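1. Compute the structure for the input listed below.
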Amino acid sequence: MTDLAELFERIVRLQVELFAVVDARLREELDLLLIALLPLRVVAATPGCRVQDIADGVGISVGGASKSADRLERGGWVRRIDNPADRRSSLLELTPEGERVVAAGSAVIREEMQARLGPVLGARGLDRFAADVERLLGLAWNHDRRAALGAE
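-> Presented below is the predicted three-dimensional model:
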């Protein structure tokens, strides 16, 4: 039987190594932090993006997502627009520079994932791995985790 504590450690190590290599390339090639690219990708993928969408998409608190949105706006990558459905709030959209950064940063992520996971898993294995990760992230316990983050 698989040692689940050891599996946990290996998953965390894989995540840390992937994060480090992608972050290093983003810094070197685009002068961009991975922690900035992740919420930018949420904005790019979410029409009518709200701060809550960033929190949900990245798995951080709403307060953390709000601070992140402020940094992205100061960086010139997103702009706030009035929310037609709620005048008390705003929506986020990418600027042209934000679109460029998301495209270039996403290419770095794809290249590193292909280089590091592709030779081991192959195309079919990558598809299966992606589906398994989606299933795991969609489990009910993930909702409890998000609720706890929001309570911070």
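
2. Tell me which residue is most central in the chain.
-> For the chain, the residue nearest the mean C-alpha position is residue 38 (3.3 Å; CA atoms, centre = their mean).

3. so who does that residue touch?
-> 57-58 (CB atoms under 8 Å, 6 or more residues apart in numbering). (Each C-beta comes from the backbone N, C-alpha and C, glycine too.)

4. Could you find the closest non-adjacent residue to residue 34?
-> residue 23 (4.1 Å; CB to CB, 6 or more residues apart in numbering).

5. I'd say the one you found and residue 32 touch.
-> No. With contacts counted by CB atoms under 8 Å, residue 23 stays clear of residue 32, the gap being 9.0 Å.

6. Compare neighbour counts for those two and give me the winner.
-> residue 32 (21 against 16; other CB atoms under 10 Å).

7. Can you get me a residue count around the nearest residue in space to that one that is not next to it in sequence?
-> Leaving aside its chain neighbours, residue 32 sits nearest to residue 26 (4.6 Å; criterion: CB to CB, 6+ apart). For residue 26, the count of nearby residues is 22 (other CB under 10 Å).

8. you'd agree residue 26 is up against residue 40?
-> No. Residue 26 lies out of contact with residue 40 (CB under 8 Å); the separation is 11.0 Å.
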